[in-house]
Each structure stands twice: as structure tokens, then as C-alpha cells.
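Student: Dropping a prediction and its sequence here:
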Amino acid sequence: MADITLDDVEYVADLARLELSSDEKGQLVEQLGRILGYIEKLNELDTTDVEPTSHVLPIHNVMRADEARDGMSRDEALEMAPASHDGYFEAPRVVE
């Protein structure tokens, strides 16, 4: 089990602005120690030939490729507008 002290738990609780009872602090010392002990065990594994992954299953992005395309010209956009004036969209005044 990793060495987690009561001081460590109190320090982290203070950073997180948590108020813990002495029983809760004791439980966290034990639980965090077991968690870190498990991580230490995982660090013993040889992962030299293991390719890094971000997900356990092989997933692929289903969105289209991000490719530059020609946009709509100003004249084409203005043709679809309900109203335009001097090359701009015309809309009702919203500010008095």
C-alpha cells in the first residue's frame, strides 16, 4: 500500500475546500493508499510494445473530412435574403 498520510488527506481536502470528519479522513487515508498501491502495481507491467490508445475499442470518427470548400458569394447569399439594400442584408431596427 502506498504511503498516504493524514497530512496528505488534510492538505488535499483544504485545496478542495472540503470539510471532513476524522472518520472520513481515516477512510480516505486507507482508500487513497489502496488506489495508489494499485497504480504502482500497474506501473510494473511491461508496456514497451503496446501502442498508446485513447479508447479500448477501435472507433472511427463518423464525421466528414474537414476540407476547405468554396463558399457562397455575397450575391448568392443576398438572392436568398428576404430583403437587401446596397449589398447588405436588410432587417428591422432592433435598437431605438
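Tutor: Received the coordinates, thanks.

Student: quick one: residue 27 is in a helix?
Tutor: Yes. Residue 27: assigned to a helix according to DSSP: H, G, I helix; E, B strand; the rest coil.

Student: what sits against it?
Tutor: Contacts for residue 27 (Cβ atoms under 8 Å, 6 or more residues apart in numbering) come out as none. Backbone N, C-alpha and C define where each C-beta goes, glycine included.

Student: and the gap between it and residue 46?
Tutor: Distance, residue 27 to residue 46, using Cβ to Cβ, to the nearest Å: 34 Å.

Student: ok, now residue 90?
Tutor: On the measure of Cβ to Cβ, residue 90 and residue 46 end up 69 Å apart.

Student: So residue 70, which state does it fall into?
Tutor: The assignment at residue 70 comes out as coil when based on three-state DSSP.

Student: about what we covered before: for residue 90 and residue 46, indicate the residue with more neighbours.
Tutor: residue 90 (11 against 6; other Cβ atoms under 10 Å).

Student: wait, what's in contact with the residue lying closest to the more buried one once chain neighbours are set aside?
Tutor: Nearest residue to residue 90 in three dimensions, chain neighbours excluded: residue 83, at 4.0 Å (Cβ to Cβ, 6 or more residues apart in numbering). Taking Cβ under 8 Å, 6+ apart as the criterion, residue 83 is in contact with 89-91.

Student: Could you report the separation of residue 83 from residue 62?
Tutor: From residue 83 to residue 62 the distance is 39 Å (Cβ to Cβ).
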